[in-house]
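# Next comes the sequence, and after it the predicted model I'd like to discuss.
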Amino acid sequence: MIMEDIYRLEEADKKLPVLDEFIESLSVKQDEVIAVLHKAQQLFGYLPAELQLYIARKLDVPASHIYGVVSFYSYFTQEKRGTYTINICMGTACFVKGADKVLNEFARQLGIKSGETTEDGAFTLTDVRCIGACGLAPVVLVNEKVYGHIQPEDVSRIIDTYKEKKGE
Ligand code: FES
């Protein structure tokens, strides 16, 4: 893969300078792999191979290390996602309080399985490991917003909220 591939990504010419500036602001770049990946995912929405390679070169770390971090944390994704990513926590505390029923209800109403994106590009559904908010179990995270104590009957309200936002 050649470096120029990175410019095939949507708005790469605008987003890469922002990422470069963030990387330049770090003192010990190699220690900040996770922070850089967070920033990159925030900008591009996902971390495709060409972006991982770009970051590896910028930080001067092996591409295999970047790939290892991206695959280890369920928060990071290599696939393009919808405008809103609905993450259902399937950690133990959430699972025992019925997270699987909540996941099934989202899947039913959106007509997709976990890991898939709706055809209109609005929603991606995923299941994640504990996000550290067990006191609020079962927990649903839509992009950065946390919803606690969610039951299957709350699902349509959440979906409608984001459908309305998308239509604004
Ligand atoms: S198990 Fe769901 S937030 Fe911890």
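Yep, that arrived.
# quick one: contacts for the residue of the chain found nearest the ligand?
Evaluated by C-beta to the nearest ligand atom, the chain has Gly91 as its residue closest to the ligand, separated by 2.5 Å. In short, each C-beta sits where N, CA and C put it, glycine included. By C-beta atoms under 8 Å, 6 or more residues apart in numbering, Gly91 lies in contact with Ala99, Arg129, Cys130, Ile131, Cys134, Ala137.
# Going by neighbour count, which of the residues you listed comes out on top?
Ala99 (22 neighbours; other C-beta atoms under 10 Å).
# nearest spatial neighbour of that residue, skipping sequence neighbours?
Distance criterion C-beta to C-beta, 6 or more residues apart in numbering; nearest residue to Ala99, sequence neighbours excluded, is Pro138 at 4.2 Å.
# helix/strand/coil for that neighbour?
At Pro138 the chain is in coil, as set by DSSP: H, G, I helix; E, B strand; the rest coil.
# Tell me the backbone dihedrals of it, please.
phi -80, psi 140 (degrees, to the nearest 10).
# before we move on, what about Thr85?
Dihedral angles (degrees, to the nearest 10) for Thr85: phi -100, psi 120.
# isn't it right next to Thr126, touching?
Yes - using C-beta atoms under 8 Å, Thr85 is in contact with Thr126, at 6.3 Å.
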